[in-house]
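> One predicted model, sequence on top.
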Amino acid sequence: MYLMEAARLLYQNVSMNKILSIHSFIPNPSATSKCLGLCLGVTSIALGSLVTPQTALAQGYLGMTPFRTLANFAIEHDHYNNEEGSDTPEGKIVVNTDGSIYVVCRNSADIGVSNEGGRIIKVVPGQDQVSLHVFGDSTGGIAPEAGLTVGSDGNYYGTTTVGGVGHCGTVYKFTPAGQFSVLYSFSGIDGNSPQTELVQGPDGNFYGTCRTGGTANEGTIYKLTPNGVLTVIHNFGTNDPNDGVGSLEGLTLGSDGNFYGTTPYGGAYNRGVVYKVTSNGTFTVLYNFTSADLSGFAPSSALTQASDGNFYGTCTNGGTYGVIYRVTPTGQYTVMHSFSGPDGALPYGAPLAANGYLYGTTSNLGAHEGNRSGDGTIYQLSLDGTFFTLHTFHEGDASGVTPELTEGSSSLSPLVLGPDGNLYGITTNGGSGTNGGVDDGAVPPYDAGGTVFKYSFLSQMVSSQ
């Protein structure tokens, strides 16, 4: 395993203990002396004690890699028949208590199988991937672009953007035993193209959004019972032309029992809105994004409510390469961080609120070893705006010779906090593919089509020793 160069150090006061965390690592086989020169100490949060650099090196803490690729996806090419098949991971993943990971992929995975429109795949690190369900029947829905939501009954719920009886998308249920059923098929007047994760409310119903459809064809917000009875609780553009257009992101359940969301278009300045909606459909615009480019506009993610009660989201437009922003429940807006390139660019996924911080990814740039530009980053943001880069992706070549060069790129989805307390996510490009991306002539050539990854915090790494 590579030794690592600690690229950034941060002292924190947690409770009564001084904690020193290493927040960004760049694999480097010759980093031994650099680590000793940079590190003042490493804190084992699990043990609550200060570890000197010499002890940390001797015990192997500095040789542990916090980033790990757990699975690779591939794009398969048949140049003779001009066909292509792929598994492209989409949306938020589910990390189960047994360590397995459920990933929704949007595309066909097998050349010559024309009716495949996505899959649900089970990933167990160190084992072969298992296809749990193929979206191959248009009446059952195809082309899922959202991850799964675990319901209070232990079943998984999701959406497809196309298909169903009404040909406008579906909501489906998938049981742990592998049984698949369509709960509802959209017809257009009730919504079209649901492409976001569902959220279950305190009433046990599921809430979601459609990008188009509804009475004004500008999208809807809907409520669905576990038995499949759907109610449209808001039609965008019907009663208020400035309430937003084309909801691309899902809802967030606030601590007050209401739902919060964003649209990338519409509003007073046609730059998008942040809104609140109650379970019975009372709709309020909290903030209108403006034409001031530096403050961000056209929000690119759902919202996350942090421990301070405020909501956080991202914009890929505005700032230099996008921003992270905060909106209070009363609509006060603040830019928390503006991406400049070395720290990443184009943040699509909603921040994850955990441990008093926000964690997320960017889909491009970032500073990498040797002044190479990266392919996205994993970041940490404190609620006071202190920003740190935890990891920089680098797709590199697909030869697999240098492990850090095949770890994936373009992370577009939110991170997930696993039951082990670590971060999990996906990339939509990069990785090694199924055979390292090498066209050996024996099988159709493969390109790297994304990864599942894990980022371990130091406390978990130390406690697992």
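Structure received.

> Do I have it right that residue 305 meets residue 252?
Yes: the pair residue 305 and residue 252 qualifies as a contact (C-beta atoms under 8 Å) at a distance of 6.2 Å. Placement of C-beta: from N, CA and C, glycine included.

> so where's the chain shaky on pLDDT?
Low-confidence regions of the chain, defined by pLDDT under 70, span residues 1-64, 75-86, 108-116, 368-373, 395-406, 433-448, 458-465.

> what about the helices in the protein?
Taking DSSP state H as the criterion, the chain carries its helices at 32-38, 53-59, 458-463.

> which ones are touching residue 170?
Going by C-beta atoms under 8 Å, 6 or more residues apart in numbering, residue 170 touches 140, 141, 159, 160, 163, 164, 182, 183, 184, 185, 186, 194.

> Those residues in strands, which ones?
Among these, the ones falling in strands (DSSP state E) are 159, 160, 182, 183, 184, 185.

> For those, pick the one with the most neighbours.
Neighbour counts for the ones in strands among the contacts of residue 170 (other C-beta atoms under 10 Å) peak at residue 159, which has 32 neighbours.

> Quickly list what it is bridged to.
Per DSSP bridges, the residues bridged to residue 159 are residue 171.

> Does it touch residue 173 like I think?
No: the criterion here is C-beta under 8 Å, and residue 159 misses it with residue 173 at 11.1 Å.

> The closest residue in space to residue 330 that isn't next to it in sequence: neighbour count?
For residue 330, ignoring the flanking residues on the chain, the nearest one in space by C-beta to C-beta, 6 or more residues apart in numbering is residue 286 at 7.4 Å. Counted with other C-beta under 10 Å, residues neighbouring residue 286 total 20.

> before we move on, back to that, adding distance to residue 336, write the contacts of residue 170 out as TSV.
Shown next, in TSV, are the contacts of residue 170 (distance: C-beta to C-beta, whole Å):
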residue	distance to residue 336
140	41
141	37
159	30
160	34
163	39
164	39
182	40
183	37
184	37
185	40
186	36
194	30
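
> re earlier: my guess is the residue nearest to residue 330 meets residue 331, correct?
Yes: using C-beta under 8 Å, residue 286 is in contact with residue 331, at 3.9 Å.

> Find the residues that touch each one of these two.
residue 274.

> Return the residues in contact with the spatially closest residue to residue 278 that is not a sequence neighbour.
In space, and not counting its chain neighbours, residue 278 is closest to residue 258: 5.3 Å by C-beta to C-beta, 6+ apart. With contacts defined as C-beta under 8 Å, 6+ apart, the neighbours of residue 258 are 276, 277, 278, 279.

> cool, and residue 196?
Contacts of residue 196 (C-beta under 8 Å, 6+ apart): 145, 146, 159, 208, 209, 247, 248, 249, 250, 251, 302.

> re earlier: most neighbours among the contacts of residue 258, which one is it?
Neighbour max across these (other C-beta under 10 Å) = residue 277, 20 neighbours.

> thinking that residue is in contact with residue 232, fair?
No: checked against C-beta under 8 Å, the pair residue 277 and residue 232 is beyond contact range at 11.5 Å.

> Give me the common contacts of those two.
Common neighbours of residue 277 and residue 232 (C-beta under 8 Å, 6+ apart) are residue 221.

> ok, back up a step: now the residue nearest to residue 330: how far from residue 251?
14 Å (C-beta to C-beta, to the nearest Å).

> shared neighbours, these two?
residue 260.

> before we move on, the earlier item: any residues in contact with both of residue 305 and residue 252?
Joint contacts of residue 305 and residue 252 (C-beta under 8 Å, 6+ apart) are 260, 311.

> out of the two, which sits in the more crowded spot?
Set residue 305 next to residue 252 and count neighbours by other C-beta under 10 Å: residue 252 wins out with 20 against 17.

> beta partners for that one?
residue 260.

> Distance check, it against residue 129.
For residue 252, the distance to residue 129 (C-beta to C-beta) stands at 30 Å.

> What of residue 321?
Taking C-beta to C-beta, one finds residue 321 at 33 Å from residue 129.

> before we move on, back to that, closest one to residue 413 out of the ones in strands among the contacts of residue 170, please.
Closest approach between these and residue 413, by C-beta to C-beta: residue 159, at 14.7 Å.

> Look up how far residue 291 lies from residue 225.
41 Å.

> When those two are compared, which one has more neighbours?
residue 225 (14 against 10).

> what about the closest residue to that one other than its chain neighbours, neighbour count?
Spatially, and ignoring its direct neighbours in sequence, residue 225 is nearest to residue 205 (5.3 Å; C-beta to C-beta, 6+ apart). Residue 205 has 19 neighbouring residues, counting by other C-beta under 10 Å.
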